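Asks: Predicted model, plus sequence, below.
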Amino acid sequence: MSNSDTDIEVGLSAPHVLDYDYRRSLGPVLSRFFTGLRAGTIHGIKTRSGRVLVPPAEYDPETGEATTDEFVEVGPGGVVETWAWVETPRASHPLSHPFAFALIKLDGADTAMLHAVDAGEASAMKSGMRVTPRWAAESQGSIKDLSHFVPESEGSAAAPEAPADPTTDIVTPVHVEYTYTPGKAASRYLRGLKQGKILGQASDSSGLVYVPPRGACPRDGVPTSREVEVSSKGTVVALTIVRVPSENIKVDLPYCTANILLDGADQSFTGLLQECSLEDVRIGMRVEAVWRDASEWDYSSENIKHFRPIDEPDLPFEDIKEYC
Amino acid sequence: MAEHAAVIGIGQTNFDAKRVDVSQVGLIREAAERALEDAQLSWSDIDAVVIGKAPDMFEGVMMPELFLAEALGCVGKPMLRVHTAGSVGGSTAIVAASLVQSGVHKRVLTVAYEKQSESNAMWALSIKLPFSQTLVAGAGGFFAPLIRGYMTRSGAPEDTGIRVALKDRLNALKNPVAHLKLPDVDFDMIANSPMLWDPIRYLETCPSSDGACALVIGDKEAAAQERSAPPAWIHATQMKTEPTMFAKRDQVMPQAGLDCSAALYKKAGITDPRKEIDCAEIYVPFSWFEPMWMENLHFAPIGEGWRMTYDGATALDGDLPVNMSGGVLSTNAIGASGMVRFAESAMQVRGQAGEHQVDGARKAVGHAYGGGSQYFAMWVVGDQPL
C-alpha cells in the first residue's frame, strides 16, 4: 500500500494474487496421449477423413465430427514448421535458458504440435530443421513429460520405462497477479477507517447514503459527492448462522453474519456478529461496531473486528423491511 | 413480427459430482451430440453456435469459447459466448432463439456447461480482495439472510423449505440424468440434515455437479422435419437485469424479476399465468426459493407463495407442477443449470419427459436467475406455434 495519508485524491492500490491448482480429467483420448508420453511414445489420432491429429483430439477441428478410435504412434522425430526465439524465459517456461517455441510436425502426423526446442542459440534454428525429443527424468503427469526437442544431430534419447497406471488427469496451476485499485470513493472510505471513522456518501439526486460508498448511486448513476460520517451503531436487517467452512474465511464455526444497516446509511453491508449467543441473534437487533486497538488501524474494513449487541430496544420489522 | 422458432433437439449429459471419465470438451460434446441426434441433424447442418457458462474461475479456463470453437464445429460459422452468472444457461438459450426469431439463422446449436469438480465454486465465489474482509460464505452465505427475510415477511411455516426439498428429491428419482438421487428420502431425512447456512439445511441446498445441456433451435422450416418428438414452439422470451446492490433494493423480491415475468406473459398473450401455464421448471438452488419465485413469477400473490408448496400445487400431480426434473436442488452444473430449466420446459411440451412428464402439458415456463438475484431469463414454450 504505497499511498501516504496526505495523498487524498489518489486512490489506494495493492497487489492481488489468485492461485489455484485446477485438476482436469483427460477423458479417453488425451489420457492415451499423456500416458504415452511417460513411456516415450507420442500418439496421434485419425480423423474420419484419414488425417492424423497430434496431439490427439476427440473431434476433427475442421468439421466438429468425432474422430475415429484409431490411435497412431508418430515421431518421435519431426520437422520444425515455424518458430519464435525466447531470449529471456519466464518462470513458467519449459526451459530456464534461451530456447525456441516451435510448431513441430512429427513424422506421420498431419498437424504440427507446439513445443520447445533447445538449440543453444537462435542462429541454430530454421524452418525445415529436424528435431528429436528429450524425455523428462521424472514423470510429472503433464506435457512436461516430453521435456523438449533438440536438433536431430544431437542423437535420439532412450525412452523412459512404461508406466504401470494410465494418466487420467493433470493439474493446471493458475496464477494471476493483479494490481487492485478500489477506486476513489472506496479509497476515501478506507482512509476514514484508518482514522476510526465510517464515511459514507450521499447521492446527489436522492440523498440516499451508501456505506461503503461506490462513487455513484446504482439506481440512477448519479454521483454520490457529499461525504457523510455515519454511526458505528446499526440494526440487523437480515442474518444467517454459518456452519460450513469456506477456504477464504478464517472465523471459527459456527458464526453469525448479519446484513447491518448503520444509523444514517441507506444500504446494509455484511458484518460479523459476536459477543452474543447464536440463539439470541435476530432481525431488528441493535448492534455496534467493535474496533481493533487504534494502533492496529490500517486501510481495511478489518479495523472493525466485529459487531456486538447493545442494550437498546429492537427496531420493528416494519421500519427496516425495505432494507433487507 | 418475429419469425417462429422452436426447440427441435435437446441433449443433456448424465450429471454427476465428478465426471472424471471425460474431458471438458468430451462433456460438452456429449450434450451437443445428443441434441443433434434428437434433432436428427449433423454438425454441418448447424448455422451458428452459442455457448454459455458461469464465471471462468470455476474451471480456470479464461475465455473457454476460444478453445471450444473447434470442438463444437464452429469453424467458418458465427460463434458467441454469453455470460450472466448463474442465469447464463437461460440467457444463452434466449440469445440462440433470437438468432432464429430474427430470421438470421435457420438452425442454431446452443450449449451450456460447468465442470465444477475441476475447481471449488465456494473458493471462486469468496475470493478475498485487498483492503477488505471476506465474510459472505459462498452463494449460501449470500442467500440465507434473504430467505430469513422472506420467512419474516410472509410468516411462512418453518418447514416449507423441507417440503420443497422433499418434492424435488422425489421428482429427481424419476429423472434418468439427475445427479443427486436419494431413494430413501423422506421429510425427516431432510429435517435432520445438518444446518449449513441457517435456515438452509444440507438437503435443502443444491449439489455441485459436472454436466452440460444443449439445444438445437430451428425456424419453421427446420421444425417441419419429421422427428421422434414434435417441436417446442418458443412463444416468448424475456431477460431483465438490476444492480446487485443499491439503497432500498428489495433483494427478497427483486423488481427485475417481477417486471421480467410480467413482460414475458404479455408477449406470450398470457393473462392468468397460474391458470394458463401447465408446469414450470425454475431455478431453485435453495429450497425456499420455490415459494419466493412463485410470487416473483406472479403465480401467487406476494406473501402467499409458500401456500402453493404447502397445498401441493407445485407437486408433479398438482395444478402447477414445479421442477419436475428434480430441479437445481438435484442437479447443479452451474453454467448449464439455466439451460436445463429451459430444456425441461421444452421436453414437457414435446411429451419427452418420461416418468416426470406432466400429463397434457401444453404451455410451460423455463426460468433462470443469477448473480445476487440480479439477472433474470425466462421463456414460455408451447406445443403449438403462438
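Replies: Good, I have the coordinates.
Asks: Run through the residues of the stretch 101-250 of chain A sitting next to chain B.
Replies: A:168-169, A:172, A:174, A:180, A:182, A:186, A:190, A:203, A:206, A:208-210, A:214, A:217-219, A:237-244, A:246-249 (CB under 8 Å from any CB of the partner chain). For every residue, glycine as well, the C-beta is placed using N, CA and C.
Asks: can you rerun that using 6 Å?
Replies: Contact residues (CB under 6 Å from any CB of the partner chain) of the stretch 101-250 of chain A with chain B: A:174, A:180, A:182, A:190, A:208, A:218-219, A:238-244, A:246-249.
Asks: Among those residues, which lie within strands?
Replies: Under the assignment DSSP state E, these contribute A:174, A:180, A:238-242 to strands.
Asks: which of those are buried?
Replies: A:174, A:238-242 (16 or more other CB atoms under 10 Å in any protein chain shown).
Asks: Go ahead and confirm residue A:71 touches residue A:43.
Replies: Yes. The pair formed by residue A:71 and residue A:43 meets the contact definition of CB atoms under 6 Å, at 4.8 Å.
Asks: Without its sequence neighbours, what residue ends up closest to residue A:200?
Replies: residue A:211 (3.8 Å; CB to CB, 6 or more residues apart in numbering or on different chains).
Asks: Could you give the number of residues near the one you found?
Replies: Residue A:211 has 25 neighbouring residues, counting by other CB atoms under 10 Å in any protein chain shown.
Asks: Show me where the stretch 101-250 of chain B has its strands.
Replies: B:107-115, B:195-197, B:200-201, B:210-219, B:232-241 (DSSP state E, counting those that start in this stretch).
Asks: closest point of chain B to chain A, which residue?
Replies: Closest approach between chain B and chain A, counting by CB to the nearest CB: residue B:73, at 2.1 Å.
Asks: Test my guess that that residue contacts residue A:64.
Replies: Yes. Using CB under 6 Å, residue B:73 is in contact with residue A:64, at 2.1 Å.
Asks: Common neighbours of the two, please.
Replies: Common neighbours of residue B:73 and residue A:64, counting by CB atoms under 6 Å, 6 or more residues apart in numbering or on different chains, are residue B:43.
Asks: Mind checking what secondary structure residue B:93 has?
Replies: helix (DSSP: H, G, I helix; E, B strand; the rest coil).
Asks: Let me fix that, I meant to ask about residue A:206.
Replies: At residue A:206 the chain is in coil, as set by three-state DSSP.
Asks: again with residue A:172
Replies: Classification of residue A:172 by three-state DSSP places it in strand.
Asks: coming back round to it: what is in contact with residue A:71 and residue A:43 at once?
Replies: Going by CB under 6 Å, 6+ apart, residues that sit against residue A:71 and also against residue A:43 are residue A:32.
Asks: spatially speaking, which residue is in the middle of chain B?
Replies: In chain B, the C-alpha nearest the mean C-alpha coordinate belongs to residue B:338, at 2.6 Å (CA atoms, centre = their mean).
Asks: is it true that that one touches residue B:89?
Replies: Yes. Residue B:338 is within contact range of residue B:89, at 2.9 Å (criterion: CB under 6 Å).
Asks: shared neighbours of the two, anything?
Replies: With CB under 6 Å, 6+ apart, residue B:338 and residue B:89 have common neighbours residue B:368.
Asks: Next, count neighbours for the residue in the stretch 1-150 of chain A positioned nearest to chain B.
Replies: Distance from chain B to each residue of the stretch 1-150 of chain A (CB to the nearest CB) is smallest for residue A:64, at 2.1 Å. Counted with other CB under 10 Å, residues neighbouring residue A:64 total 25.
Asks: Touching, residue B:118 and residue A:22? I think so.
Replies: Yes. Residue B:118 is in contact with residue A:22 according to CB under 6 Å; the separation is 5.0 Å.
Asks: More neighbours: those two, which one.
Replies: With neighbours defined as other CB under 10 Å, residue B:118 and residue A:22 compare such that residue B:118 has more, 24 against 20.
Asks: what's the spacing between stretch B:162-177 and its chain's center?
Replies: Here stretch B:162-177 is found 15 Å from its chain centre; the criterion is CA atoms, centre = their mean, to the nearest Å.
Asks: Give the buried residues for that stretch.
Replies: For stretch B:162-177, the neighbour count (16+ other CB under 10 Å) marks B:162-172, B:174-175, B:177 as buried.
Asks: From those, which land in helices?
Replies: Within the buried residues of stretch B:162-177, residues falling in helices by DSSP state H are B:162-172.
Asks: how about the helices in the stretch 1-150 of chain B?
Replies: With DSSP state H, counting those that start in this stretch as the criterion, the stretch 1-150 of chain B has helices at B:24-39, B:64-71, B:88-101, B:121-125, B:138-154.
Asks: what helices or strands is the first one leaning on?
Replies: In terms of contact count using 3 or more CB pairs under 6 Å, 6 or more residues apart in numbering or on different chains; DSSP states H and E, helix B:24-39 is assigned the packing partners strand B:5-12, strand B:107-115, strand B:210-219.
Asks: could I get those strands as JSON lines with mean pLDDT and mean neighbour count?
Replies: As requested, the helices and strands packed on helix B:24-39 are exported to JSON lines (pLDDT from 0 to 100; neighbours: other CB atoms under 10 Å in any protein chain shown):
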{"stretch": "strand B:5-12", "mean pLDDT": "98", "mean neighbour count": "27"}
{"stretch": "strand B:107-115", "mean pLDDT": "98", "mean neighbour count": "29"}
{"stretch": "strand B:210-219", "mean pLDDT": "98", "mean neighbour count": "30"}
